[in-house]
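Student: The sequence and its predicted three-dimensional model are supplied below.
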Amino acid sequence: MNTKDIIIRRIILLAIVLLAWETLPRLGVINPLFIPPLSGVITALRELAGNGEMATHAAISLQRAALGFAAGAVLGLPLGLVLGGWFPRLQTALEPLMELFAQANPLILFHVIILFLGIGEAAKTFIIGWLCLWPVTFATITGVRTADPTLLKAARSLGLGRAGLFVRVTLPAAAPSIVTGLRLAAGYAFIMLIAAEMMGASSGLGWLVIQAQESYHITRIFAGAFVITLLAITADWLLKLLGGRFLSRVESGADDYVRMQGSAGKI
Amino acid sequence: MSNLAENIIPDQEPKIVIRNIGRTFHIKKSPAGPHDFVALQEISLEVQKGEFVALVGPSGCGKSTLLDILAGLAKPNSGAVFIDGKQVTGPALDRGIVLQGYALFPWRTVRQNVEFGLEIKKVAKGERREISTRFIDLVGLKGFEDRFPHELSGGMKQRVAIARALAYDPEVLLMDEPFAAVDAQTRETLQDELLRIWEETRKTIIFVTHSIEEAVFLADRVAVLTANPGTVREIVPIDLPRPRQNSDIRSSPEFGWTRHKIWELLQNQPPADHRAGEQRPVADAISPSAAL
Amino acid sequence: MFDKIDTIKTHLLRWSGVVVFLLLWEAAPRLGWLDAQFAPPFSTVLGAIHELAADGSLAKHLVISIWRGVTGLLVATLVAIPAGFLLGLRLPVWAAVLDPFLRVLSQVNPFSLMPVFILFFGIGETAKIVVIAWVSLWPILFYTITAVRNVDPLLLKTARSLGITTGELYLKVILPASLPVIFVGLRIGAGLVFFMIVAAEMLGANAGLGWLVHNSAMNYQTPRIYAGATFIVILGYLLNRFLLALERAFFSGEQEQVDLVPARRSSAPSWRPGWRSAAAAASVIFVFLLAGGREVYLSNLANASLGGHLGHQEEAGEANVEYTCPMHPFIVREKPDVCPLCGMRLVRKSDAAHGAGH
């Protein structure tokens, strides 16, 4: 079975799925109140896009996700590098604590954070940043720690100083792991973003979905979910592209998933 | 090319008859474009009951492919294999197989590994235990029955693999470079052990190796294979006295002479008909220890 | 001997961070660095945990949460493992065809799906279990596909040379050989489940650990929020550790063939569960499912009658009162009702304003 055949089958399957989505609710096989026909969802999408609502909410959501993600990455990368590269004993001392922090369910934490920061942008950014911080930190530590020792030895024998060693050998060696951590963090950022917007917000895609449900605009729920998924996939794809230099090509999605999850959260 | 006839003892029905085996792989992706790679061409060989035959040759001569065909795991494009006059069509319990990578089931203890074939054969539990005890004893692993493979050394793992292959009492034992992954000392011990087991059980053994020394030490006859395409260049009878185990036969002049003869056979290969540029000197392709 | 001292030293070092953190937590509110109203000292939180444990409510919520988690995980496992075998081994072409679809589905945000599931299944237990099963489905499925495809070919060759039947090959070779990797998928799935249970319970439930925290937050019982949060964190940590330990106990020796997963060699004695221990574990889970299910049923029942009773009372009361959801303040009804989003009872608007204001 060659690639062309598989792509053709994918297209046919996609067509069947879309066609079924359109016709089954129309024929009443599926209750259109639960799953509206595709055209309805498209109409809702166009409507939301037309009046600028979608763009506004998407922009707000993206801003929150990006801010939280950036905060997590900006703190997590140096933290991981410092702990993994320079202070292994401190890392050992902090390891269980960090593990506990990473375990801390962000939704539960949200309640605590609201106590301190109130229901505002600060609380949302904080919770997303918190969630992003740990995969980035752990992945960086893992990457730095598992840098090939023979490579380090070889580089040291060439007379590379400590800083040079770090920049030229350790960092590139840790890069694939770091990219994986960033990808995981981005995924978390989106999941948590929607949760945070559902729990307390008056704007954003999560709020749009919740509000659509409240007013029984089922098509809008699907439109919102579609855009959220699209954004998450695009973000993941961009990060993958960014890391494309470091990561070998992985054929199947299953393997990619396993590779990503497998290297997550391990010290 | 063939001096088969001299080697067949006429008044005995051969146990295994390999007749004109050919195997071609169609290679789609290669720098040279799609082409057919002839792994085996016109291979013929007859093996007597209870005989120990070694197949030796450089990497890429198709010896493992030939073994797969014998095991029934691969099908030849032409020719056929007969065991006791019956054509081989698929895998069956009349042939045991031992592979280079041990292939032990990591979730099973030594005993459970040895009993695997018996389970497939639906042998009753009590009998299974009795048989596995006997064969674990035979390969010298008494006391290790309840160990898991990861708790064993490489040599011990290979003993388990041999015991597993023998346990369901196949008449033919097919061994694909079984001792390639163990260190030199263990390897010699295992060779001694194998000869002892062979003499005790009187199985017919086909043993694939890339070490000339190993082939000469173990076998009654050595089939020398050449690559590109894989064919039998010559079959060399080994007239060294038995038992050879626990003796310093390796340092005898006859041993050295036979080894050198096979080495020359591998050296003086005719140049390959096609893709000669990729042909490496055979001395590089076969193991360094073999050329010593 | 020295080894022992070294191990103790390492342990002391490892846990020193946690100890320092807890000391700071205790000291900061007491010394007035933090407002004790917002951040009660650790001892107060421990007291709250003790209180919850003493009146049995902690155990009840714990059982209910775990019941939901186990049920969801079980559903996901029963779907994902056979599907993984089917796609990985029998239908490789379809696996390739479906690959992008599965990937997109796995990326669909479970929170944005929650409203859809609630539409389909109502607000009851089913929606929660479906959403929990949905999240854990993907790691188990993807790990199973990868696992069955990466079984050592030598093992397959050996088994096939014995003339093994396909059924036996699956049961005796491929399943045990791929179990270590599948188990990693299960462990990741369990972690997600733990996350999702709390979410589902916060968004609509009347019992469970998530609800406990949520409810405490609504009622401004700050120590209880921390108590619930601490308890959940410790529980999550223990769950993760337990699963890792289980993984090590089962598969420690097999890492060589499972190079997809970072190798973790250990000298732990290998122990393989036989049919007997598997059956024992299965029956324990079964009994737990029955007992937990009863607990969940009773809790839902109690809540329903309470809601009905309350609704009756309020209806007779004053007019022009608006009811709103404590979680979703934009939902406003004129009559006592349950929130269409989360199924929580709506509260009077003035009460809600009281609770949420600060």
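Tutor: Good, I have the coordinates. Residues are numbered from 1 along each chain as shown, chains lettered A, B, ... in the order given.
Student: what about the residue nearest to residue B:155 when sequence neighbours are not counted, which helix or strand?
Tutor: Spatial nearest neighbour of residue B:155, chain neighbours left out: residue B:186 (3.9 Å); criterion: Cβ to Cβ, 6 or more residues apart in numbering or on different chains. Every residue, glycine included, has its C-beta placed from N, CA and C. Per DSSP states H and E: residue B:186 is located in helix B:184-201.
Student: Identify the residues contacting that helix?
Tutor: B:52, B:138-140, B:153-155, B:158-159, B:162, B:166, B:178-179, B:182, B:205, B:214, B:217-218, B:242-246, B:289 (Cβ atoms under 8 Å, 6 or more residues apart in numbering or on different chains).
Student: quick one, the helix or strand following it and helix B:184-201 angle?
Tutor: As assigned by DSSP H and E, the chain's next helix or strand after helix B:184-201 is strand B:204-209. Angle, strand B:204-209 to helix B:184-201, by axes from the mean of the first three to the mean of the last three Cα atoms, to 10 degrees: 170 degrees.
Student: what is the rounded mean pLDDT of strand B:204-209?
Tutor: Averaging pLDDT along strand B:204-209 gives 91.
Student: what's the following helix or strand after that strand?
Tutor: helix B:212-218.
Student: for that next one, packing partners?
Tutor: Helices and strands touching helix B:212-218, as assessed by 3 or more Cβ pairs under 8 Å, 6 or more residues apart in numbering or on different chains; DSSP states H and E, comprise strand B:52-56, helix B:184-201, strand B:204-209, helix B:253-267.
Student: I'd like these as CSV, with distance to residue C:216 and mean neighbour count appended.
Tutor: Output for those, formatted as CSV (distance: least, Cβ to Cβ, whole Å; neighbours: other Cβ atoms under 10 Å in any protein chain shown):
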stretch, distance to residue C:216, mean neighbour count
strand B:52-56, 76, 26
helix B:184-201, 66, 17
strand B:204-209, 71, 25
helix B:253-267, 81, 16
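Student: secondary structure element for the residue nearest to residue A:43 when sequence neighbours are not counted?
Tutor: Nearest non-adjacent residue to residue A:43, counting by Cβ to Cβ, 6+ apart: residue A:219, 6.8 Å away. Element membership for residue A:219, per DSSP H and E: helix A:218-242.
Student: which secondary structure elements does that helix contact?
Tutor: By 3+ Cβ pairs under 8 Å, 6+ apart, helix A:218-242 packs against helix A:38-50, helix A:53-81, helix A:171-199, helix A:205-214, helix C:92-107, helix C:110-121.
Student: give me that answer again for 10 Å
Tutor: Judged by 3 or more Cβ pairs under 10 Å, 6 or more residues apart in numbering or on different chains; DSSP states H and E, helix A:218-242 is in contact with helix A:38-50, helix A:53-81, helix A:171-199, helix A:205-214, helix A:253-262, helix C:92-107, helix C:110-121.
Student: Residue C:64: which of those helices is closest?
Tutor: Taking Cβ to Cβ, helix C:110-121 is the member of the helices and strands packed on helix A:218-242 nearest to residue C:64, at 17.9 Å.
Student: That closest one: which residues count as buried?
Tutor: Neighbour counts over helix C:110-121 (16 or more other Cβ atoms under 10 Å in any protein chain shown) mark C:110-119, C:121 as buried.
Student: And the helices in the stretch 51-200 of chain C?
Tutor: C:57-85, C:92-107, C:110-121, C:125-149, C:153-161, C:166-168, C:175-203 (DSSP state H, counting those that start in this stretch).
Student: Lowest average pLDDT across those helices?
Tutor: helix C:110-121 (a mean of 80).
Student: Which neighbouring elements make contact with that one?
Tutor: Helix C:110-121 packs on helix A:171-199, helix A:205-214, helix A:218-242, helix C:125-149, helix C:175-203, going by 3+ Cβ pairs under 10 Å, 6+ apart.
Student: Relative to the whole chain's centre, how far out is the third one?
Tutor: Using Cα atoms, centre = their mean, to the nearest Å, the distance from the centre of helix A:218-242 to the centre of the chain it belongs to is 10 Å.
Student: mean confidence score for it?
Tutor: Rounded mean pLDDT across helix A:218-242 is 86.
Student: can you give me the angle it makes with helix A:205-214?
Tutor: Using the same axes, to 10 degrees: helix A:218-242 against helix A:205-214 is 160 degrees.
Student: Name the residues of helix A:218-242 that come out as buried.
Tutor: In helix A:218-242, counting by 16+ other Cβ under 10 Å, buried: A:218-229, A:231-233, A:235-236, A:239-240.
Student: related to what we said a few turns ago, out of the buried residues of helix C:110-121, which is nearest to chain B?
Tutor: residue C:110 (34.1 Å; Cβ to the nearest Cβ).
Student: residues near the residue nearest to that closest one when sequence neighbours are not counted, how many?
Tutor: Leaving aside its sequence neighbours, residue C:110 sits nearest to residue C:135 (Cβ to Cβ, 6+ apart; 5.1 Å). Using other Cβ atoms under 10 Å in any protein chain shown, residue C:135 is surrounded by 25 other residues.
Student: So the chain: which segments form each domain?
Tutor: Going with chain A. Listed by automatic domain parsing, the domain ranges of chain A are A:1-32, A:36-262.
Student: right idea, wrong chain: chain B
Tutor: B:4-94+B:171-291, B:105-169.
Student: mind listing what the residue nearest to residue A:43 touches?
Tutor: The contact partners of residue A:219, by Cβ atoms under 10 Å, 6 or more residues apart in numbering or on different chains, come to A:32, A:36-45, A:47-48, A:212.
Student: again with residue A:237
Tutor: residue A:183.
Student: Same check on residue C:106?
Tutor: Contact analysis of residue C:106 by Cβ under 10 Å, 6+ apart lists A:187, A:253-254, A:257, C:134-135, C:137-139, C:141-142.
Student: Recalculate using a threshold of 7 Å.
Tutor: Neighbouring residues of residue C:106 by Cβ atoms under 7 Å, 6 or more residues apart in numbering or on different chains: residue C:138.
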